[in-house]
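K.L.:
Sequence below, structure please.
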Amino acid sequence: MKVLIVCGANQPNFNFKTTWSFVDEQMQSLKSHGVEFEIFLIKGRGLFGYLENLSALRSKIKSGQFDIVHAHYGLSGMLSVLQRQTPVITTFHGSDINIFSQNIISAIVTRLSQWNIFVSNRIYSKALLKPTKNFSVIPCGVNLELFKPMDKLEARKLLKMDRDKKYLLFPSAFDNKVKNFPLAKDALNMLNDVIPLELKDRSREEVNLLLNASDALLMTSEMEGSPQVIKEAMACNCPIISVDVGDVKDVIGETDNCFVVERNPKQIADKISQTLESSQRTNGRENIEKLNLSVVGIKIYEIYNDLNRAAIQ
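P.N.:
Down below sits the predicted model:
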């Protein structure tokens, strides 16, 4: 089976394996089932910028003899469904539903895609047009071979971090407005000697080290779909303090030393203090096994298989 992955390539310092790490890891998992992949990267911003790639996409599909086109995000899905020769799966990751103007586009895409994947129940519930048959809710899987617990002091040594200071990992660049660092900063200003770490321009291996070296992860985002870093923190048994965003509440569940809080600096600060005082890691890894890449890969592979069989018939 041959699948064409369609996604945007407009991010600064674009690198597929880091920018689209969750897609790359999903692809690697599916290769073990005999699926072959090629990638079509979209250049151009906004709907019309994406549509300028239609001719190139049609040529790619015609020459590549693909069985399935798998688009990631609604705009990529809109481009993909405009060709009608190959079945399209569109995965909706968050901003394509959370932002109203993109939700309108995504409504059209859900109607024209042969299958739709939503990464969380919340994203599905917010979709303007909710498919009732041709859809699945499947979060992206987490790489449990890469993300795993290790000794905190060893991780700090490798990252050249102070062994005795208190570090809180913020899962994005501080200037990413959607991730809402000002709320995190307001909470941290109520505490003494807690150092926020910016997750920016790091390799996947370094992210694993940071999650093990940090005392906790703090998420204050305005919007999310199914944030990978939460699952990765769970895999490393890293404590989590997060606002109720995306599927965070569902993912952490009853995990020890993980908290969902209001968008209130005082409440966030209190939970940070509680977490730092306990110095305990979590049992997150045992609770995230159900989202192992291999488990999620089987679900995606079954969708590929079903669509491929239907197209042949």
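K.L.:
Pull out the buried residues from the helix or strand of the chain with the lowest mean pLDDT.
P.N.:
One helix or strand of the chain scores below all others by mean pLDDT, DSSP states H and E: helix 16-19, with a mean of 86. Buried residues in helix 16-19, counted by 16 or more other Cβ atoms under 10 Å: Thr19. (Glycine included, C-beta is placed from N, CA and C.)
K.L.:
Now tell me what touches it from outside.
P.N.:
Residues from elsewhere that reach helix 16-19 (Cβ atoms under 8 Å, 6 or more residues apart in numbering): 9, 11, 24, 39, 41, 203-204.
K.L.:
Kindly recompute the last result at 10 Å.
P.N.:
Contacts to helix 16-19, defined as Cβ atoms under 10 Å, 6 or more residues apart in numbering, come from residues 5, 7-13, 23-25, 27-28, 39, 41, 201-204, 207.
K.L.:
Restricted to strands, list those residues.
P.N.:
The strands, defined by DSSP state E, take in 5, 7-8, 39, 41 from the contacts of helix 16-19.
K.L.:
Same list (these) but as CSV, adding distance to Phe147, neighbour count and pLDDT.
P.N.:
Below are the ones in strands among the contacts of helix 16-19 laid out as CSV (distance: Cβ to Cβ, whole Å; neighbours: other Cβ atoms under 10 Å; pLDDT from 0 to 100):
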residue, distance to Phe147, neighbour count, pLDDT
Ile5, 22, 22, 98
Cys7, 22, 20, 95
Gly8, 25, 22, 91
Ile39, 23, 16, 96
Leu41, 26, 15, 95
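K.L.:
right, and out of those residues, which lies closest to Leu51?
P.N.:
Minimum distance to Leu51 across the ones in strands among the contacts of helix 16-19 is 12.7 Å, recorded for Gly8 (Cβ to Cβ).
K.L.:
Which residues are in contact with that closest one?
P.N.:
With contact set as Cβ under 10 Å, 6+ apart, Gly8 has these partners: 14, 19-20, 41-45, 49-50, 53, 71-73, 75-76, 79.
K.L.:
Would you quantify the distance from it to Thr19?
P.N.:
Distance of Gly8 to Thr19, given as Cβ to Cβ, to the nearest Å: 9 Å.
K.L.:
re earlier: need the ones in strands among the contacts of helix 16-19 in JSON lines (columns: distance to His33).
P.N.:
Output for the ones in strands among the contacts of helix 16-19, formatted as JSON lines (distance: Cβ to Cβ, whole Å):
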{"residue": "Ile5", "distance to His33": "15"}
{"residue": "Cys7", "distance to His33": "21"}
{"residue": "Gly8", "distance to His33": "26"}
{"residue": "Ile39", "distance to His33": "18"}
{"residue": "Leu41", "distance to His33": "24"}
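K.L.:
how far does the longest helix anywhere in the chain sit from the chain's center?
P.N.:
The helix that spans the most residues within the chain, counting by DSSP state H, is helix 293-312. Relative to its chain's centre, helix 293-312 lies at 20 Å (Cα atoms, centre = their mean, to the nearest Å).
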